[in-house]
Each structure stands twice: as structure tokens, then as C-alpha cells.
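Novice: coordinates only, no sequence provided:
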């Protein structure tokens, strides 16, 4: 400690950007901040890293405490360290993003911290630099989705091609040709077509599919080549 005693000391926090998909729209989960400054204003899920825990442990703890969610896809994003980002004390924040199927976890979600889902484009203004975190997380999500099948974390085990297309369009903020999307997705051989149909939106119905995880591992390149060309 002799070498470190003269060095400045900072607080370390975590902030979690929780993206969810309800089958039609990409949403974000926000809470009302419970302490000053900015009390009762909309915020990401956040908290300080404990003396005996890692940032990953802290992020999982905060997420469970504030929303009731656990066992969800959670990935570290980047560190935010602008000196005046927190008006009370110098605080470095480690940003994380989580991906969930809203319907799968809606019963698990608690309301202790007034957690509420908002459409990405209709969310309220957030405290501190949280709006920048959300913007960075969306860019990260688009990039990761072009390399890995992480968007399937936001879908039920059985899903339709229209649901899958909706998700890709929401994440990439663009419209895709339905026939072209269907052709390219099915040509990868990474989806298993099921016998059941979803008839909630039409009498004809849409077949359910599921991701073939074993084939995905063997044909990773098929997905890698597909995603960047979906807009074509």
C-alpha cells in the first residue's frame, strides 16, 4: 500500500442496459432512481461494485436485486470514466448489456424499483451519461449480431420467421424484403422447421422454427456470411 497511498482512489459502479423483445418490438428496461442526485428520474439498472466482488458479479447482483432477473444473457461492454459523469464523486462505470425474451421473464420481473419497459425510440431522457450508454449498447448489439446468433436469446425456443425478421429489423433499424430474408435464413440450414403453426395472426398460419444449436457450431460460417447481406 506504500506505493499506492498517494494515488487517487475512485468508486467503481456497474450499469446494465437490458434489451427485450416482445415478438414485435425491441424494448429497453428502465427503473426510477432511488437516491440523490436525480432521485425518481429514469435510469439504467446500476450500483457499486462491492469490495469482494468482480464487476461481473456486481452486474448480476444488481440485475437480480432491481428486477428479479437472473440467468439471462449478460455481456460486459465498456468502461465510462468521464471525470464529471457523476456530480457527487468520481465514479468509473462498467457498462453491460443483457438480452431477454420479454414474455419468458415477465412473471419473474419484480416491481420494487418500478422497472418498466419502453420502446427504444420512445424512452424518456435518462440520468448522467446513460443515454450514451444505450446508444453504444445498440451499436454493440448490431455488431455482435452480425457475428454470433445472440439475437436468439431474445426469442422463445419456438419462433416464426416473421418474428425473427421483426427482431432483425428492430435491431438494425431497417426494413428487409420478406422473401429475401426467408430465403437467406432458411438456406443456412441452421433452422429446424417444426410441424406446429402459429395461427394467431392469420388462418393460414406461420410455421414455427427453432435454432439447430449443434449444426450452428459446425456451420458457424454460414451465419457469419448471412447477416451482413440481409439488407441486399
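Specialist: Thanks, I have the structure now. This is a predicted model, so every value here is computed, not measured.
Novice: nearest residue to residue 197 in space, please, no chain neighbours.
Specialist: In space, and not counting its chain neighbours, residue 197 is closest to residue 205: 3.5 Å by C-beta to C-beta, 6 or more residues apart in numbering. From N, CA and C alone the C-beta is placed, and that goes for glycine too.
Novice: what's that neighbour sitting at in phi/psi?
Specialist: As for residue 205, its main-chain torsions (degrees, to the nearest 10) stand at phi 80, psi 170.
Novice: next one: residue 30
Specialist: Dihedral angles of residue 30 (phi, psi; degrees, to the nearest 10) stand at phi -120, psi 160.
Novice: in contact with it, which residues?
Specialist: 42-44, 115-116, 118, 123-124, 126 (C-beta atoms under 8 Å, 6 or more residues apart in numbering).
Novice: same check on residue 89?
Specialist: Neighbour list for residue 89: residue 11 [criterion: C-beta under 8 Å, 6+ apart].
Novice: show me the domain layout of the protein.
Specialist: When the chain is parsed with automatic domain parsing, its domains come out as 4-145, 156-219.
Novice: from these, which stretch is densest packed?
Specialist: Ranked by mean neighbour count, those are led by domain 4-145 with a mean of 17 (mean count of other C-beta atoms under 10 Å).
Novice: strands of this structure, residue ranges please.
Specialist: 11-21, 26-32, 42-43, 45-48, 73-80, 91-101, 116-119, 159-160, 191-198, 206-211 (DSSP state E).
Novice: okay if I get those strands as a markdown table plus mean pLDDT and distance to residue 58?
Specialist: Listed next are these as a markdown table, based on pLDDT from 0 to 100; distance: least, C-beta to C-beta, whole Å:
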| stretch | mean pLDDT | distance to residue 58 |
| --- | --- | --- |
| strand 11-21 | 97 | 5 |
| strand 26-32 | 95 | 16 |
| strand 42-43 | 96 | 16 |
| strand 45-48 | 95 | 7 |
| strand 73-80 | 96 | 11 |
| strand 91-101 | 96 | 8 |
| strand 116-119 | 95 | 23 |
| strand 159-160 | 94 | 32 |
| strand 191-198 | 91 | 37 |
| strand 206-211 | 92 | 31 |
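Novice: so who does the residue lying closest to residue 78 once chain neighbours are set aside touch?
Specialist: Distances taken as C-beta to C-beta, 6+ apart place residue 95 nearest to residue 78, at 5.5 Å, with adjacent residues excluded. Taking C-beta under 8 Å, 6+ apart, we find residue 95 in contact with 14-17, 76-80, 133, 136-137.
Novice: again, only this time at 6 Å
Specialist: For residue 95, the contact set (C-beta atoms under 6 Å, 6 or more residues apart in numbering) comprises 15, 77-78, 133.
Novice: and the closest residue to residue 21 other than its chain neighbours, how far is that from residue 50?
Specialist: Nearest residue to residue 21, sequence neighbours excluded (C-beta to C-beta, 6+ apart): residue 154, at 3.9 Å. Computed with C-beta to C-beta, to the nearest Å, the distance linking residue 154 and residue 50 is 30 Å.
Novice: returning to what we had before: ok, the residue nearest to residue 21 touching residue 99?
Specialist: Yes: assessed by C-beta atoms under 6 Å, residue 154 is found in contact with residue 99 at 5.1 Å.
Novice: pull the longest helix from the protein.
Specialist: Across the chain, the longest stretch assigned as helix under DSSP state H is helix 130-145.
Novice: next one: that one to chain centre, how far?
Specialist: Helix 130-145 has its C-alpha centroid displaced from the chain centroid by 9 Å (C-alpha atoms, centre = their mean, to the nearest Å).
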